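**Q** Provided below for reference: sequence and predicted model.
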Amino acid sequence: MRYISFKLRPKHFHSFTGLKVEEFDRLAAAIRTDWVRQRLDRLEKNNPNRKRKVGGGRNKALPALEDQLLLTIMWAKLYSSYLMLEYLFGVDETTAFRTIRETTPLLQDRFVFQDPRASGRKKITTIEELKKLFPDIDDILADATEQVIPRPESKRKRKPYHSGKKRKFTLKTQIATKRNGLILHVSPTVGGRMHDYTLFKQSGLPQTIPKDMQLFVDNGYQGVKKDYPNLTVSIPFKRHRGHPELTRSEKIFNKKQRRVRITVENTLARLKKYRVLSDVYRHSLQNYNQTFRFVANIVNFRMIQRLQTS
């Protein structure tokens, strides 16, 4: 299978990648410069005294960017084994693995906002600064998602990954979106034992949100108004021992709040159409957040393209 022949079947192409052919072409064009630079950096790093011209030596099994990107996106969409990719693309398993490892960093943080503290940029403190990055921004919606992993062999490693909610071993990642579903922030990935609100505090998101912008969260973020009084937070009313029944106005508020928050739930559903984020994750846990960000960038890119044409 190669891109030049597979693109002649647009329905199958969309089913296997989640992208239309023209969207895939724009995505490949967007990362081509970084792809070339990555290849040159790898050659110079491995051999700083290299004398042979770039391009000399044995040719790669998948030399074209389009074929490498197609293999990687199909792996994420279908979560195929390397053996299956070997038969589909006519390359060795190790070549498939190496291609995925080299391609995913190219889309790790291209279409999703990066935490200013991690990237060395000035901290965003006003709504005007955030709007420069994301025009037409309105409110921010946050939620966390979990993905099942195999049971860790080491007893010491089981505890942080055991989720009381899922009653399985999981990884947890938080995202923040706009009202239209565009992903603004992806948190670091932690073990499923960590509470959603604890992840929220450690993610850096509260320090990034301007105080003039409204944040919509679910009941898993109890205490956010107390800990962050400067944030404008919309959180549902919750029944408890001293408040066993909700009033009619509280129920109406919760219903309106859910209608807004459904967008972030739909975004999580779009992410999980890529089975690498919905099936049992069977690869290295150290690379999971990079994989999550790779898929988030693809979903964001697709949404940006469709918003521009609508």
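**A** Perfect, I can see it now.
**Q** Hmm, Thr99 is touching Met74, no?
**A** No. Thr99 is beyond contact range of Met74, at 10.9 Å (criterion: Cβ atoms under 8 Å). No exception for glycine: its C-beta is placed from N, CA and C like everyone else's.
**Q** Name the residue in these two with the higher neighbour count.
**A** More crowded of Thr99 and Met74, by other Cβ atoms under 10 Å: Thr99, with 24 against 21.
**Q** How about the contacts made by that one?
**A** Shown in contact with Thr99 (Cβ atoms under 8 Å, 6 or more residues apart in numbering): Leu62, Gln68, Leu71, Thr72, Val91.
**Q** quick check, nearest of those to Leu171?
**A** Nearest to Leu171 out of the contacts of Thr99 is Thr72 (Cβ to Cβ; 20.3 Å).
**Q** Look at that closest one and tell me its secondary structure.
**A** Under DSSP: H, G, I helix; E, B strand; the rest coil, the three-state class of Thr72 is helix.
**Q** Counting neighbours, what do you get for it?
**A** Using other Cβ under 10 Å as the criterion, Thr72 is surrounded by 23 other residues.
**Q** Check Gln202 too.
**A** Count around Gln202 with other Cβ under 10 Å applied: 14.
**Q** Quick one: name whatever helix or strand follows whichever helix or strand Glu250 is part of.
**A** Secondary structure assigned from DSSP states H and E places Glu250 in helix 248-271. Following helix 248-271 in sequence order, the next helix or strand is helix 288-309 (DSSP H and E).
**Q** tilt between that next one and helix 248-271?
**A** Put simply, helix 288-309 runs at 100 degrees to helix 248-271, going by axes from the mean of the first three to the mean of the last three Cα atoms, to 10 degrees.
**Q** contacting residues for Met194?
**A** Pro160, Lys172.
**Q** Can you tell me the SS state at it?
**A** Of the three states, Met194 takes coil under three-state DSSP.
**Q** That one and Leu205: what is the separation?
**A** Counting by Cβ to Cβ, to the nearest Å, the gap from Met194 to Leu205 is 15 Å.
**Q** Repeat that for Met84.
**A** Distance, Met84 to Leu205, using Cβ to Cβ: 37 Å.
**Q** Looking only at neighbour counts, state which of the two leads.
**A** Taking neighbours as other Cβ under 10 Å, Met84 and Leu205 compare with Leu205 leading, 21 against 15.
**Q** and the residue nearest to Pro152 when sequence neighbours are not counted, what is it in contact with?
**A** Leaving aside its sequence neighbours, Pro152 sits nearest to Arg158 (Cβ to Cβ, 6 or more residues apart in numbering; 5.0 Å). By Cβ under 8 Å, 6+ apart, the residues touching Arg158 are Arg151, Pro152, Phe169.
**Q** How far off centre is the helix or strand Leu43 falls within?
**A** Leu43 is part of helix 21-46, with elements assigned from DSSP H and E. Relative to its chain's centre, helix 21-46 lies at 20 Å (Cα atoms, centre = their mean, to the nearest Å).
**Q** what angle do it and helix 288-309 make?
**A** Going by the same axes, to 10 degrees, helix 21-46 makes 140 degrees with helix 288-309.
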